[in-house]
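Visitor: Let me see the structure of the following:
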Amino acid sequence: MKISPYSRVLIREAKKFGIKIHPVGEAGKMFILRRGEKHTFIYQSLTELTSDPMYKISANKYLTNFTLKKFGLPITNFKLGKDINDAKKFLKKYKKIVIKPLSANQGKGITIGIKKASELQEAIDGALKYTVRNKLDSTYKKNFLLEKAVPGDDHRLLVINFKIVFAIKKIPAYVVGDGEGTIKQLIEKKNILKLKHKKPIIIDETLRHVLARQDLRLRDVPKLGQKIFVRRTANLATGGESIDITDDLNPKIKKMAIQAAKIMKMPVAGFDFMCRDYTKSKGFFIEVNPIPGLMIHHFPHIGKPRNPAREIIKMLIKKKLI
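Guide: Residues are numbered from 1 along each chain as shown. Below you'll find the model as predicted:
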C-alpha cells in the first residue's frame, strides 16, 4: 500500500517509539497507532484531539475569520459574498481585494490583488468552482469570501500542543530571466532541477492569468535577473518554495499563534499569517488548516529541517492516547 507523504513522516517517528501501525482502508492516509492496550486514530496530521465542530468551522474560511476576530486576533476586513454586487461594493470600499472559495485548499480558487471591477466575475467563478460543498452548512451555497488585500508575505505557523511553534516563509512560484529564454522555457528549465520535495510549476490557465495581469505571456523573454512570479498564492503544491524562519520569528507572533490554536481548540493547527517582516509583531491571520502538511517543515528548501511529527507523537503519548 502506498502511504501518503503527509502520513509517512508521522509513521516513521511513531515506529521509533515502538508504536505499531495499522492502516485503515487503502488510501494510505488513515491509521491506527497502537502501543500495548492503548490505541488512537490519526488521519495524516489530524488527531482525535480536534473536535468535529471545530474541524467544521476551520473548513469554512468565513467562519474561521469570524471566530478569530471575535476573540480579538488580527484579521483583515472580510465579508461573506453572495453575488457580484457584494463584490463591487467591497471593492469600491477597499480598492484592492481578495476573493476566495469558502473551502478548498492548496490555494485553489483564490484570486489575489483584484483592483478592477472587470476582474470580479472571473474571480467569483473561480472561487465557486473549487468550493467543496457541504450540505450541513448553508453558507457554502453559491457564496464566497471577500477580504481586503493586505501587504506582506505568506507564512505558515504550525502549532503543536499549544506550546511549540514552527514557522516557514512561503515564496510563490517564480522564474528569473537569463535574457535569452522565454518564460515557458525558464519554467521548463527550473522544473528539471532536482530539489527534494519541490513540486514542478504547472502551466495552466491560472498561471496564464497571473502572467496576463502583469501584461506578460509565456512567449515573452524576461531581462537578465528579472524575477517573474507565475503564481500569486505561495503554495508548495504549485511550485512554491519554503524557508524555515522558526528561530527568527517574533515572540509576539508565536504567542498569537498559540492563542489562535487555543481558540480553535486544535492541538495541531497550521495558520497562514501575512506580514511584511516576521521579525516584527504586526500581521494578519488569513487562514487555518486543521490537517497541516508536515513535509514543509521537515524538508524546507532553505533553512534548518524541523521535526513536528516527533512532537505530535510525544504529545499523543503524554496525553495517554497511545
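Visitor: How is this protein partitioned into domains?
Guide: 5-50, 51-75+151-172+234-322, 77-149, 174-231 (automatic domain parsing).
Visitor: just how off-centre is the first one within its chain?
Guide: Going back to what we said before, that points to domain 5-50. Chain-centre distance of domain 5-50: 23 Å, with Cα atoms, centre = their mean, to the nearest Å.
Visitor: what stretches of this protein score poorly on pLDDT?
Guide: 106, 132-141, 194-197 (pLDDT under 70).
Visitor: for it, which helix is longest?
Guide: Identified as the longest helix of the chain according to DSSP state H is helix 251-264.
Visitor: Tell me the first helix or strand C-terminal of that helix.
Guide: The helix or strand immediately downstream of helix 251-264 is strand 268-275, counting by DSSP states H and E.
Visitor: Give me the residues contacting that next one.
Guide: Strand 268-275 is contacted by residues 45-47, 49-50, 58, 76, 150-161, 253, 257, 260-261, 282-290, 292-293, 312, 315 when judged by Cβ atoms under 8 Å, 6 or more residues apart in numbering. (Glycine included, C-beta is placed from N, CA and C.)
Visitor: helix, strand or coil for Leu145?
Guide: The three-state assignment at Leu145 reads strand, by DSSP: H, G, I helix; E, B strand; the rest coil.
Visitor: for the closest residue to it other than its chain neighbours, phi and psi?
Guide: Distance criterion Cβ to Cβ, 6 or more residues apart in numbering; nearest residue to Leu145, sequence neighbours excluded, is Lys100 at 4.4 Å. With angles defined as degrees, to the nearest 10, Lys100 sits at phi -130, psi 150.
Visitor: which residues touch Lys100?
Guide: Lys61, Gly109, Ile110, Thr111, Ala127, Phe144, Leu145, Glu147.
Visitor: I'd like those residues written out as CSV, with neighbour count added.
Guide: As requested, these are exported to CSV (neighbours: other Cβ atoms under 10 Å):
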residue, neighbour count
Lys61, 24
Gly109, 25
Ile110, 24
Thr111, 23
Ala127, 26
Phe144, 27
Leu145, 24
Glu147, 24
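Visitor: quick revisit: quick one: contacts of the longest helix of the chain?
Guide: Helix 251-264 has contacts (Cβ under 8 Å, 6+ apart) with 54, 57-58, 64, 67-68, 71, 73-74, 157, 159, 162-163, 165, 167, 267, 269, 271, 273, 275, 278, 281, 283, 285, 288, 290.
Visitor: Now, the contacts of strand 268-275 that are in strands?
Guide: Members of those lying in strands (criterion: DSSP state E): 46-47, 153-160, 284-289.
Visitor: Looking at those residues, which two lie furthest apart in space?
Guide: Greatest spacing in these, by Cβ to Cβ: Thr47 and Asp153 (29.4 Å).
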